[in-house]
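S.K.: Based on what follows, work out the 3D shape:
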Amino acid sequence: YELGLNHYSIGIELLAIGTKEEMIPIITEPVFNKIDPSLLGYTEEQYQSLNRLIKDILARNPKIKHNRTQILGHDEYTSRKTDPGKLFDWSKIGF
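M.R.: So this is what the prediction gives:
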């Protein structure tokens with residue numbers, strides 16, 4: 001994934017609380033430690049919505065394939081990003 005990937009991609013943003021390591025640049029460790037662990041990661045509703053959205057995008061863009069070469073996370077092509085992060089369960093979207 002060379003320079004310019006953002007010019008040729010569809011970005012999907014999901015909001016979740018990641019691991020402590022992922023969140024420390026954003027919040028302090030004491031604040032993170034106060035978060036109920038059940039609130040970490042993504043919800044089933046987010047995965048369901050994401051599956052519907054991916055299905056729709058693929059139907060409208062047949063050149064895009066449902067594979068891990070064409071569907072990837074920000075963290076997989078740039079070291080500047082940590083999303084979707086370690087708590088994202090790729091199996092819930094078919095991988």
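S.K.: L53: neighbouring residues, count only.
M.R.: L53 has 13 neighbours, counted by other Cβ atoms under 10 Å. Placement of C-beta: from N, CA and C, glycine included.
S.K.: who's in contact with the residue nearest in space to the middle of the chain?
M.R.: The centre of the chain sits closest to P84, judged by Cα atoms, centre = their mean, with a distance of 2.8 Å. For P84, the contacting residues are 14, 16, 42, 73-75, by Cβ atoms under 8 Å, 6 or more residues apart in numbering.
S.K.: likewise Q46?
M.R.: By Cβ under 8 Å, 6+ apart, the neighbours of Q46 are 14, 16.
S.K.: Name the residues of the lengthiest helix in the chain that are buried.
M.R.: Longest helix of the chain, by residue count under DSSP state H: helix 44-60. Residues of helix 44-60 classed as buried: 47, 50, 54 (neighbour count, 16 or more other Cβ atoms under 10 Å).
S.K.: Next one: the residue nearest to the centre of the chain from Q70, what distance?
M.R.: 16 Å (Cβ to Cβ, to the nearest Å).
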